[in-house]
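**Q** Provided below for reference: sequence and predicted model.
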Amino acid sequence: MNAAQSAMTTWVGALSSSGVILPAGDAEAGAAVAAYVVGEERVVELRTFFQEADPAEVARERRAAVEAVIAMAQSDRDIHPEERHLLSQLVGRSGLDEDTQDELVMRVHKPEPIEDLGDRLTQPVLRELMLALAWELALSDGRIDDAETAFYRELASQLSVPKKRAKEIADAVAQRVG
């Protein structure tokens, strides 16, 4: 398993432990990363949000989060078949309806720009967690290229995360991963 695949496996754990996707056995490592970056109280806040929100709101947030993960993996334009497989597994565990899952799997194979992400991904803790996951992937191969840095900045902007907080998130991830 390469570094990017390992990072993606951690994402699955972080998202499942937070209630974004259906639980899995690999949730513990991801939960630790999520708690380190946003804090345990905020992870509980996110989990509670997903338990209490209406189904349409849950579906909107889940879909937007999965789209963001797919875009993260594609940001450096170097996606391996194993990474596609992991993304497809993530889609399958999203709890979304079959038509939506089919659309998302198509995105895995054919990148599309993410439109109106900030309007659809509204939960503040999830926004920060998505930034953390994006930076973890960027760090996973031991180098940060310009496309990854640009994607991170754009994602932070779309999600209305202030530059200072986005830097704090990136620093926390780098400290945790390093």
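**A** Structure received.
**Q** quick one: Ala132 from Asp145, how far?
**A** Counting by Cβ to Cβ, to the nearest Å, the separation of Ala132 from Asp145 is 19 Å. Where you see a C-beta, it was placed from the backbone N, CA and C, and this is true even at glycine.
**Q** same thing with Leu87?
**A** Counting by Cβ to Cβ - Leu87 and Asp145 are separated by 20 Å.
**Q** swap in Leu86?
**A** If you measure Leu86 against Asp145 using Cβ to Cβ, the figure is 21 Å.
**Q** neighbour count winner among the two?
**A** When Leu86 and Asp145 are compared for neighbours, Leu86 comes out ahead with 23 against 14, by other Cβ atoms under 10 Å.
**Q** Look up the pLDDT of the more buried one for me, please.
**A** Note on Leu86: pLDDT of 74.
**Q** Tell me which residues of stretch 152-169 come out buried.
**A** Buried residues in stretch 152-169, counted by 16 or more other Cβ atoms under 10 Å: 152, 155-156, 158-159, 161, 166, 169.
**Q** I should have written stretch 117-134 there, sorry.
**A** 117, 121-134.
**Q** Would you mind giving the secondary structure of Pro111?
**A** Recorded secondary structure, Pro111: coil (DSSP: H, G, I helix; E, B strand; the rest coil).
**Q** Model confidence for Arg120, exactly?
**A** On pLDDT, Arg120 comes in at 92.
**Q** I figured it hits Glu61, correct?
**A** Yes - assessed by Cβ atoms under 8 Å, Arg120 is found in contact with Glu61 at 7.4 Å.
**Q** Render the CA-only coordinates of the helix or strand where Ile169 lies in PDB, please.
**A** Here Ile169, judged by DSSP states H and E, is contained in helix 163-177. What follows is helix 163-177, C-alpha atoms only, in PDB (Å, rounded to 0.1, in the frame of the first residue of the first chain):
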ATOM      1  CA  LYS A 163      -6.500  31.500   6.000                       C
ATOM      2  CA  LYS A 164      -5.200  31.500   9.600                       C
ATOM      3  CA  ARG A 165      -7.300  28.500  10.600                       C
ATOM      4  CA  ALA A 166      -6.500  26.700   7.300                       C
ATOM      5  CA  LYS A 167      -2.800  27.100   8.200                       C
ATOM      6  CA  GLU A 168      -3.400  25.800  11.700                       C
ATOM      7  CA  ILE A 169      -5.100  22.700  10.300                       C
ATOM      8  CA  ALA A 170      -2.300  22.100   7.800                       C
ATOM      9  CA  ASP A 171       0.300  22.500  10.600                       C
ATOM     10  CA  ALA A 172      -1.600  20.100  12.900                       C
ATOM     11  CA  VAL A 173      -1.800  17.500  10.100                       C
ATOM     12  CA  ALA A 174       1.900  17.900   9.300                       C
ATOM     13  CA  GLN A 175       2.800  17.500  12.900                       C
ATOM     14  CA  ARG A 176       0.600  14.400  13.300                       C
ATOM     15  CA  VAL A 177       1.700  12.800  10.000                       C
END
